[in-house]
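Peer 1: compute the structure for the input listed below.
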Amino acid sequence: MSTDNLFQRCRQRSKVAHGNVTNPLLQLEAIGNFVSDLGAIKELAQKNNVKSSMQSMPKLDKLSVAGDK
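Peer 2: A predicted model of the protein is given here:
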């Protein structure tokens, strides 16, 4: 029953069309794929966010040390 509930929630949120799957093992596979996809999306977004924030930082032509004039 809980597998069916999780599957229905994933199915509602997913853009991938899932048929009416009643086999719990196939439902668990679909749930696992959905969660893995979310993890990959999160990882990619974090990498892109780091890249974009680094690109917006000013570039230093010369490093200055305290006391340099």
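
Peer 1: pLDDT below threshold where in this structure?
Peer 2: In the predicted model, the chain carries pLDDT under 70 at residues 51-69.

Peer 1: just the helices in it please.
Peer 2: Using DSSP state H, the helices of the chain run over 2-13, 24-55.

Peer 1: who's in contact with the shortest one?
Peer 2: Applying CB atoms under 8 Å, 6 or more residues apart in numbering, the contact partners of helix 2-13 are 18, 21, 22, 24, 27, 28, 30, 31, 34, 35. Any C-beta I mention is one placed from the backbone N, CA and C, and that applies to glycine too.

Peer 1: run the last query once more with 10 Å
Peer 2: Helix 2-13 has contacts (CB atoms under 10 Å, 6 or more residues apart in numbering) with 16-35, 37-38.

Peer 1: give me the buried entries from the residues you listed.
Peer 2: Buried by 16 or more other CB atoms under 10 Å: 18, 27, 30, 31, 34, out of those.

Peer 1: rebuild those residues as CSV, extending it with distance to residue 43.
Peer 2: CSV is the format used below for these (distance: CB to CB, whole Å):
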residue, distance to residue 43
18, 24
27, 25
30, 21
31, 19
34, 15
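
Peer 1: so which of the residues you listed comes closest to residue 44?
Peer 2: Using CB to CB, residue 34 comes nearest to residue 44 of those, at 15.9 Å.

Peer 1: leaving out chain neighbours, which residue sits closest to the closest one?
Peer 2: Spatially, and ignoring its direct neighbours in sequence, residue 34 is nearest to residue 10 (4.3 Å; CB to CB, 6 or more residues apart in numbering).

Peer 1: what do you get for residue 28?
Peer 2: Residue nearest to residue 28 in three dimensions, not counting chain neighbours: residue 3, with 6.0 Å by CB to CB, 6+ apart.

Peer 1: how much space is there between that neighbour and residue 31?
Peer 2: Using CB to CB, to the nearest Å, residue 3 is found at 8 Å from residue 31.

Peer 1: and if you look at residue 13?
Peer 2: 11 Å.
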